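> sequence and predicted structure are below.
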Amino acid sequence: MKRLRLEANIRQEMLLEAAVRFVRENGFEHMTCRTLATYAGCCYNTVQRQFSNRSLLGKAVTEYARKTKAKDVLKVGTRLGF
């Protein structure tokens, strides 16, 4: 069976949606590239390619929360300096 290869922008949006859900359930302080990969059901390298470190991941999640009006996540991300 051939694996479906997603375009980078679609893959990134899917990861950001998973990250917002993760933050709501577990908080920013527990989110790393590795924990997000496990939560999203993908490999660590997929997350690492999109967001090379936790700081960039936090900033991307905060920006995505701003764009999608996820105020609860945005409030915490902004408070943590992302």
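Looks like it came in fine.
> so where's the chain shaky on pLDDT?
Within the chain, the stretches with pLDDT under 70 are 1-6, 82.
> at 90 instead, please
1-12, 28, 52, 54, 68-82 (pLDDT under 90).
> any idea which helix is longest in it?
Longest helix of the chain, by residue count under DSSP state H: helix 8-26.
> specify the angle between the next helix or strand after it and helix 8-26 in degrees.
For helix 8-26, the succeeding helix or strand toward the C-terminus, using DSSP states H and E, is helix 33-40. Orientation check (axes from the mean of the first three to the mean of the last three CA atoms, to 10 degrees): helix 33-40 against helix 8-26 gives 90 degrees.
> give me the buried positions along helix 33-40.
Cys33, Thr35, Leu36, Ala37, Tyr39, Ala40 (16 or more other CB atoms under 10 Å). C-beta coordinates here come from the backbone N, C-alpha and C atoms, glycine included.
> try stretch 11-29
Arg11, Gln12, Leu15, Leu16, Ala18, Ala19, Val20, Phe22, Val23, Phe28.
> quick one: contacts for the first one?
Right, Arg11. Thr46, Gln50 (CB atoms under 8 Å, 6 or more residues apart in numbering).
> what's the distance between it and Lys75?
27 Å (CB to CB, to the nearest Å).
> number of nearby residues for Gln48?
Other residues near Gln48 number 14, with proximity taken as other CB atoms under 10 Å.
> next, Phe51: phi, psi?
Per-residue torsions, Phe51: phi -130, psi 100 (degrees, to the nearest 10).
> with adjacent residues omitted, what lies nearest to it?
Setting aside the residues directly before and after it, Phe51 is nearest to Leu57 in space (CB to CB, 6 or more residues apart in numbering), at 3.9 Å.
> great, nothing more from me.
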